[in-house]
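Visitor: The following block contains a protein sequence and its predicted model.
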Amino acid sequence: MQTDWNRVRRRALLLIDVQRDFHDDGRMPIARHQVGRVIFEANRAIEDARSRGDAIVAIGNEFEPHDRLMNLLRRNASIAGSAGAMWDRRIVVDGAAYFSKSRSDAFSNARLAPYLADQRVDEVVLSGVFARACAAATARGALSRGMRVRLVESALGDSSDRAKENALRKLGKLPGVVIESAREEAVSVVRAPLPLTEERSFLVFRRVAAWPETNASTMTALPEDITLAGLSHGKRVGTSGTNIKAAA
């Protein structure tokens, strides 16, 4: 489905795979020295998006537990329902829409494109990990749907600086892609990794609209029947609609 350029004039921030297993001591982390910058810039991108009235969308990997071969190759990172698939709570995304995926391109979730169309989006800003994998695939997915793509260099991470630079160089050659240069302001974020266990966390068990972490009182989802689970407590509560409430 191509974008209607006469109707759509809005930007969306896509936060890609900013999950625990890809940061700090996770199972498949980006380069450690990049983590602080990515978190800082993601939070700043969220503030910028809110100030402009942009749509904010969080996207996370949720790999099926039975996909044993691929999970082995991925070091068992970000398996659906695992602590490592939880959103990094140093990034505050209250009120954002969330879409899960199990492939690199975020548009592999068939409901993302219609959601962006409903939000009148014609340009996406990408932040997150990995630059050469999911960010690159999502950029191409957006371009193929007639959207413009903006990549914030300092808000993208990868396994090394070289891998990130190579990815951005290739993406920068594509028509419709703009790359914003790294910003040099000081970074001040909590760099210590968060514990992956022994804390109250929530997961919405719905492939399309699921939210893997933090402030359940302000989470949003698409209007579908969903199941909210308090992972540490083993409790579940069914709910419907766009306002998700935490299980007591």
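Guide: Arrived safely, thanks for sending.

Visitor: Give me the sheet partners of the longest strand belonging to the chain and which way each runs.
Guide: Assignment by DSSP state E gives strand 148-157 as the longest strand of the chain. Paired strands of strand 148-157, with direction, are strand 123-129 (parallel), strand 177-180 (parallel) (DSSP bridges).

Visitor: so which of these is the most packed in?
Guide: Among those, strand 123-129 has the highest mean neighbour count (mean count of other C-beta atoms under 10 Å), at a mean of 25. C-beta: built from backbone N, CA, C; applies to glycine.

Visitor: Just the residues contacting that one, thanks.
Guide: Contact with strand 123-129 is made by 10-18, 22, 30, 38, 41-42, 45, 49, 54, 59, 116, 134-135, 138-139, 142, 147-152, 155-158, as judged by C-beta atoms under 8 Å, 6 or more residues apart in numbering.

Visitor: So which elements touch the next helix or strand after that strand?
Guide: Downstream of strand 123-129, the first helix or strand assigned by DSSP states H and E is helix 136-144. Counting contacts by 3 or more C-beta pairs under 8 Å, 6 or more residues apart in numbering; DSSP states H and E, helix 136-144 packs against strand 123-129, strand 148-157, helix 161-171.

Visitor: Burial check on residue 145, number of neighbours?
Guide: As a burial measure, residue 145 scores 18 neighbours (other C-beta atoms under 10 Å).

Visitor: just residue 134 next, same as before
Guide: Using other C-beta under 10 Å, residue 134 has 23 other residues around it.

Visitor: which ones are touching the spatially closest residue to it that is not a sequence neighbour?
Guide: Sequence neighbours aside, residue 104 is the residue nearest to residue 134 in space, at 4.7 Å (criterion: C-beta to C-beta, 6 or more residues apart in numbering). Contacts for residue 104 were tallied using C-beta under 8 Å, 6+ apart; they are 133-134, 136-138.

Visitor: The strands paired with strand 148-157: lowest mean pLDDT?
Guide: In terms of average pLDDT, strand 177-180 trails the rest of the strands paired with strand 148-157, at a mean of 93.

Visitor: follow-up on the earlier one: residue 81: which of the strands paired with strand 148-157 is closest?
Guide: Comparing those against residue 81 with C-beta to C-beta, the closest turns out to be strand 123-129 (20.4 Å).

Visitor: Export the closest one to PDB, keeping only CA atoms.
Guide: C-alpha atoms of strand 123-129 as PDB (Å, rounded to 0.1, in the frame of the first residue of the first chain):
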ATOM      1  CA  GLU A 123       8.200  10.000   7.200                       C
ATOM      2  CA  VAL A 124       9.800   7.700   9.800                       C
ATOM      3  CA  VAL A 125      12.700   8.500  12.100                       C
ATOM      4  CA  LEU A 126      14.700   5.400  13.100                       C
ATOM      5  CA  SER A 127      16.400   4.800  16.400                       C
ATOM      6  CA  GLY A 128      17.700   1.600  18.000                       C
ATOM      7  CA  VAL A 129      19.600  -1.500  17.100                       C
END
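
Visitor: Touching, residue 54 and residue 15? I think so.
Guide: No. If you go by C-beta atoms under 8 Å, residue 54 and residue 15 don't touch, sitting 11.8 Å apart.

Visitor: So between these two, which is more surrounded?
Guide: The neighbour count for residue 54 versus residue 15, taken as other C-beta under 10 Å, is higher for residue 15 (25 against 20).

Visitor: and the residue lying closest to the more buried one once chain neighbours are set aside, how far is that from residue 72?
Guide: Nearest residue to residue 15, sequence neighbours excluded (C-beta to C-beta, 6+ apart): residue 58, at 4.8 Å. Look at residue 58 and residue 72: by C-beta to C-beta, to the nearest Å, they are 27 Å apart.
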